[in-house]
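Colleague: attaching a predicted model along with its sequence, questions to come.
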Amino acid sequence: MQDYPNCYVQDSWMIGNGRCDNYGAYNTAGCGFDGGDCEEFNAQYPNCSAPYPKWIGDGYCRNHDNYNTVECGFDGGDCDSFNKYPNCSAPSPQLIGDGYCQNYDNYNTVECGFDGGDCQQFNHTNFPNCTVSDTTWIGDGYCDGGNYNTAECDFDGGDCEDLNNNWLLVVGGVAGAFLFIAIGIVIWKRKRKRNTSTMQQAIAGGGGGVQAGNAQIQGNNQSIADNGAPSPSAPT
């Protein structure tokens, strides 16, 4: 580069493009402090090593890459609210105190002020034992499964009541059908057993009648024989 013969960067077109690039060799004297793009940044934060100065003071707290440091003005003031919770390890500080309860990734913890106060009502008033990640889904008019549809979460804030009731009706109907079939089988078995016993008794009774009939026939035959036989002769 003719203007900066001692500047050694990969993309020379980025020098003087109106954006301060605070990494590599761009923001150095040899590259004219990124072709003058970083002069204002250097004056305001001379010891800041955040790679993208344009992100400083943009309204979002970045708790990484040296943005949230004294040298970078705590991300240009973006992290002032977040820094009220020095032991908070939530990944996106801008979500803390944004009006929505994030019940995941350490937001809803003592260290993060229960998501900057966003989860106070959720924790203490509505669902103290509910462990779902997105609390905005509770009571939004749609039934969400998993941990949402539990007693601890009031069955998704009431969204799953109709589904649960219909499911109970289906299960109850199926159970009732099986019960009806089982009762029918028991009754059929009892009738079959009773009919079999009656038949056996009838057969046994019929056999006795045949034997009695045969005895009577034999008795009659003996009487006929006796009547037809000649009487013994009287003595002379």
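Modeller: The structure has been received and is ready for your questions.

Colleague: test my guess that Glu39 contacts Phe33.
Modeller: Yes: if you go by Cβ atoms under 8 Å, Glu39 and Phe33 touch, sitting 5.7 Å apart. Every residue, glycine included, has its C-beta placed from N, CA and C.

Colleague: any shared contact partners between the two?
Modeller: With contacts taken as Cβ atoms under 8 Å, 6 or more residues apart in numbering, Glu39 and Phe33 have no neighbour in common.

Colleague: so, low pLDDT: which residues of the chain?
Modeller: Applying pLDDT under 70 to the chain picks out residues 1-2, 125-126, 167-177, 179-180, 182-184, 186-236.

Colleague: what segments of the protein are helices?
Modeller: Taking DSSP state H as the criterion, the chain carries its helices at 32-35, 39-44, 73-76, 113-116, 120-121, 154-157, 161-228.

Colleague: the more surrounded of Glu39 and Phe33?
Modeller: Neighbour comparison, Glu39 and Phe33: the larger count goes to Phe33, with 19 against 14 (by other Cβ atoms under 10 Å).

Colleague: check contacts around that one.
Modeller: Here Phe33 is in contact with 27, 39, 42 (Cβ under 8 Å, 6+ apart).

Colleague: how much space is there between it and Ala43?
Modeller: 10 Å (Cβ to Cβ, to the nearest Å).

Colleague: distance of Cys7 from Asp21?
Modeller: 12 Å.

Colleague: compare these two (neighbour count), which wins?
Modeller: The neighbour count for Cys7 versus Asp21, taken as other Cβ under 10 Å, is higher for Asp21 (22 against 18).

Colleague: quick one: contacts for that one?
Modeller: So Asp21 contacts 14, 27, 34, 37-38, 51-52 (Cβ under 8 Å, 6+ apart).

Colleague: swap the cut-off to 7 Å and go again
Modeller: 14, 27, 34 (Cβ atoms under 7 Å, 6 or more residues apart in numbering).

Colleague: of the residues you listed, keep whichever come out buried.
Modeller: By neighbour count, with 16 or more other Cβ atoms under 10 Å, these hold 14, 27, 34 as buried.

Colleague: what is the nearest of those residues to Arg62?
Modeller: Compare each of those with Arg62 using Cβ to Cβ and the shortest gap goes to Asn27, at 18.4 Å.

Colleague: distance check, that closest one against Gln44.
Modeller: As judged by Cβ to Cβ, Asn27 and Gln44 stand 13 Å apart.

Colleague: same check, this time on Cys38
Modeller: Cys38 is 10 Å from Gln44, by Cβ to Cβ.

Colleague: between the two, which one's more packed in?
Modeller: Using other Cβ under 10 Å as the criterion, Cys38 and Gln44 rank with Cys38 on top: 20 against 14.

Colleague: can you report how many residues lie near the closest residue to Glu71 other than its chain neighbours?
Modeller: Leaving aside its chain neighbours, Glu71 sits nearest to Asn47 (4.3 Å; criterion: Cβ to Cβ, 6 or more residues apart in numbering). When neighbours are defined as other Cβ under 10 Å, Asn47 has 9 of them.

Colleague: is it correct that Asn47 is in contact with Gly73?
Modeller: No: judged on Cβ atoms under 7 Å, Asn47 makes no contact with Gly73 at a distance of 10.6 Å.
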